[in-house]
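Peer 1: Pasting the sequence and the predicted coordinates here, then a few questions.
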Amino acid sequence: MSTSTPFTDDETDGAPADARPACALPDSPLAAALPGINACVHCGFCLQACPTYLALEDENESPRGRIFLMRSLLEGTVTPDDSSVHAHIDRCLGCRACETACPSGVPYGHLLEATRATLREARRPPFAARLILWVFSHRLLLRGAMFLSRLLAASPVPTVLAKANGRLGFAMAMLASTGSPLERDPYATSATGARGKVAVLLGCVMEGLFGETNRATERVLRRNGYATVDAAKQECCGALHAHAGDLETARRLARRNTAAFERSGAEFIAVNAAGCGAMMKEYGHLLRDDPDWSERAESVGKRVRDISELLAAAGPARGGPLALRVTYDAPCHLVHAQRVVTQPLSVLAAIPELDLIPLVEAENCCGSAGIYNLIEPETSDAVLAPKLAHIAETGAPFVATGNPGCLMQIGAGLIRSGSKARAIHPVDLLDASYAGSER
């Protein structure tokens with residue numbers, strides 16, 4: 001990219017090249033993202049889709065406002081060490097609801113990652129964020145952390161401390177929410193493999209705290225004609241790192257996963273965590289500048305499917321009756337990043353006697369956003385509040401959602417509010433229906 005003429009004639013009122021503003025951050029990730037910035041026409045359609053704008057009523061907390069800050073960084077009118085720039089960029093949830101609302105196709109998620117990667121060079125993220133990301137990038141440390149988390153979750157401590165003040169109480173409520181709200185017996189499955197071979201992304205938090213949901217995922221795939229195969233040595237998908245601006249670690253993890261899923265020989269990669277699925281589908285973009293990996297990553301990304309996509313393609317098969325009242329909350333990275341909208345509903349529709357109650361603003365963010373609820377707790381709480389109110393309006397005792405962060409965020413909010421409702425993955429409901437049909 002040119003270091004002297006990064007802006008077009010349309011943006012400089014036809015000024016000659018030598019009068020255009022020079023790029024203040026040449027060769028930065030943000031400079032490389034300039035075409036996406038140029039796509040924004042500042043129409044404002046994104047404002048009402050943005051949870052932080054709605055919660056804080058500040059233009060700087062909107063996609064349009066943040067894109068203006070991105071442009072200002074490139075023009076040099078603000079600098080990467082400006083604390084207010086960091087504050088506004090850090091407070092973005094990265095939910096990508098603005099992408100669904102945008103008529104110009106602005107790739108806001110990519111712009112945000114590029115901005116955070118650029119700002120990261122000027123000031124490191126908070127210690128807590130760095131520690132979490134470091135643990136998640138090392139397989140053995142992550143396994144140890146998840147093992148200790150499971151032990152704590154199985155004890156009475158999280159339930160006792162769930163309503164304590166501050167983030168300790170919320171963190172304990174998140175752990176308390178990871179227990180399965182349904183009792184069910186595993187059932188025997190066999191698959192013809194007629195629909196193809198599938199490798200399941202085990203994930204970090206999913207395997208660590210929602211391992212039974214992973215087992216349920218494998219069972220329902222086999223029940224619907226898929227043959228499941230292992231993908232040995234798979235890692236964290238890298239989504240947390242990419243969203244935090246640590247693109248190099250995200251790329252390292254993406255390369256390892258690309259190799260692992262290539263070796264599996266799987267025709268499809270099933271993902272039951274919306275944020276992970278969105279990340280893996282974009283591996284080609286993440287590694288686009290790596291000549292040794294770009295095509296391989298693109299190929300693997302094209303095989304990735306949310307679990308609901310695979311099940312919807314298969315029908316899915318109907319199970320036994322499950323007389324429950326359920327409302328569905330759409331994870332941001334499923335509905336906005338992956339544009340998977342109807343498939344999770346078709347999964348729930350395959351369960352006889354399930355009463356699915358519509359949720360107002362089901363597509364709006366819950367405030368989880370990876371580790372956001374630990375780093376920006378006040379804004380996270382403000383975004384979660386209307387979600388909990390809408391759930392209460394449904395009167396449903398179960399909230400189905402397909403992402404571990406959302407399960408824990410909504411689950412913790414329900415526990416702390418005194419609600420009897422519980423969050424559950426849609427796959428767990430379908431699995432319980434299949435188990436019931438075996439009795």
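Peer 2: Okay, I see it.

Peer 1: CA atoms for contacts and neighbours, from now on please.
Peer 2: Noted.

Peer 1: could you give the mean pLDDT of the strand or helix carrying E218?
Peer 2: Element membership for E218 (DSSP states H and E) is helix 211-223. For helix 211-223, mean pLDDT is 96.

Peer 1: surely C237 meets M280?
Peer 2: Yes. The criterion here is C-alpha atoms under 8 Å, and C237 meets it with M280 at 6.7 Å.

Peer 1: what's the following helix or strand after the helix holding E218?
Peer 2: Downstream of helix 211-223, the first helix or strand assigned by DSSP H and E is strand 227-229.

Peer 1: Quick check: can you name the pairing partners of that next one and their directions?
Peer 2: Its sheet considered, strand 227-229 pairs with strand 197-200 (parallel) by DSSP bridges.

Peer 1: How about residues contacting the strand it pairs with?
Peer 2: For strand 197-200, the surrounding residues in contact (C-alpha atoms under 8 Å, 6 or more residues apart in numbering) are 218, 226-231, 261, 264-271.

Peer 1: Need the buried ones from those selected in ChimeraX.
Peer 2: Typed into ChimeraX, the line below selects the buried ones among the contacts of strand 197-200, using 16 or more other C-alpha atoms under 10 Å:
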select :218,226,227,228,229,230,231,261,264,266,267,268,269,270,271
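
Peer 1: nearest to N373, of the contacts of strand 197-200?
Peer 2: V271 (22.8 Å; C-alpha to C-alpha).

Peer 1: returning to that earlier point: can you give the contact residues for the helix holding E218?
Peer 2: Taking C-alpha under 8 Å, 6+ apart as the rule, helix 211-223 contacts 189-191, 193, 200, 202, 206-207, 227-228, 272, 307, 310-311, 317, 425, 427-428, 430-431, 434.

Peer 1: Poorly predicted segments of the chain, please.
Peer 2: 1-21, 438-439 (pLDDT under 70).

Peer 1: Can you show me the strands along the stretch 1-150 of the chain?
Peer 2: Here the stretch 1-150 of the chain has no strands by DSSP state E, counting those that start in this stretch.

Peer 1: in the stretch 251-400 of the chain, which spans are strands?
Peer 2: 268-271, 304-306, 325-328, 355-357, 398-400.

Peer 1: Let me see the domain layout of the protein.
Peer 2: Split into domains by automatic domain parsing, the chain comes to 9-120, 127-169, 197-311, 318-437.

Peer 1: thinking again about what came up before, report the set of residues contacting both of C237 and M280.
Peer 2: Contacts common to C237 and M280, judged by C-alpha under 8 Å, 6+ apart, are A254.

Peer 1: Please report the number of neighbouring residues for R123.
Peer 2: Using other C-alpha atoms under 10 Å, R123 has 14 other residues around it.
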